[in-house]
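Undergrad: Provided below are the primary sequence and the corresponding predicted coordinates.
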Amino acid sequence: MDEREKIINGYPFINYDRDVYPPSKMIELSREFLRWMNERRTVRDFSDREVPKEVIENILLAASTAPSGAHKQPWTFCVVSNPEIKSMIRIEAEKEEQESYSSRMSDEWINDLRPLQTDWQKPFLEIAPYLIIVFKKAYDITPDGKKKNNYYVNESVGIACGFLLAAIHKAGLVALTHTPSPMNFLSKILGRPENERPYLLIPVGYPTEETFVPKLQRKPLEAISDWYE
Ligand code: IYR
């Protein structure tokens, strides 16, 4: 047995040996991470420039390091680069979005979206080299067909998507958290099993050479936190 390993009540544990930093170093590292995360922006104008497949593989594995209920990792990342499948997805997404923008979304919602200048047209679904469609697994199915529970599925998959977006940013690529609604067409096009539900559709790639993003203000600390000291 590895000296870092220890059996606790019959289960293997490993020694979690990490660097500990003095306060000044922690402040520096956390500031640097904040500065870097603050540079991430949602982008809607994608280039069709190729992205190495290994980058996408690494991004998915990074997302899959997210914590999850009972470590069930209740997610499947479907990676679409096939142009015909991308076209099918665009056609179905635009059908739903046209309906949403013209009658399903409230006036308030449409107004709230104006500064972002989104509309029902989704050309990026064909242009971006990769579409990552995240599915949440309501439950697992064992090889002999039995249902196995998953826990805190929405929370787990949401956290994994956060990790995914950070990994995409780290690689110098951009993404869009696209939410066509309803999304059932994705299960059909991709032939997903009954235990999976579409969660987010994330085009990934390089931005176009000149890209403009909305000039947003992020909320200040006072607006996003309450401290009980
Ligand atoms: N799902 C639509 C509308 C949309 C909704 C929100 I909330 C956004 O932040 C952005 C868009 C779409 O993807 O265009």
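TA: In hand now; what should we look at?
Undergrad: before we move on, which element is the most centrally placed residue in the chain in?
TA: The residue at the geometric middle of the chain, judged as the C-alpha nearest the mean C-alpha position with Cα atoms, centre = their mean, is C161 (2.9 Å). Using DSSP states H and E, the element containing C161 is helix 153-170.
Undergrad: angle of the longest strand anywhere in the chain against helix 153-170?
TA: Ordering each strand of the chain by length in residues (DSSP state E) puts strand 196-205 first. For strand 196-205 against helix 153-170, the angle by axes from the mean of the first three to the mean of the last three Cα atoms, to 10 degrees is 10 degrees.
Undergrad: which other helices and strands contact strand 196-205?
TA: Counting contacts by 3 or more Cβ pairs under 8 Å, 6 or more residues apart in numbering; DSSP states H and E, strand 196-205 is packed against helix 124-127, strand 130-137, helix 153-170, strand 174-175, helix 184-190. Using the backbone N, CA and C atoms, a C-beta is placed for each residue, glycine as well.
Undergrad: those: which one's closest to the ligand?
TA: In terms of Cβ to the nearest ligand atom, the element of the helices and strands packed on strand 196-205 nearest to the ligand is helix 124-127, at 10.3 Å.
Undergrad: wait, A166 touches M37, no?
TA: Yes: contact status for A166 versus M37: in contact at 7.1 Å, counting by Cβ atoms under 8 Å.
Undergrad: so between the two, which is more surrounded?
TA: Comparing A166 with M37 by neighbour count (other Cβ atoms under 10 Å), the higher total belongs to A166, at 17 against 12.
Undergrad: so what's that one scoring on pLDDT?
TA: Looking at A166, its pLDDT is 98.
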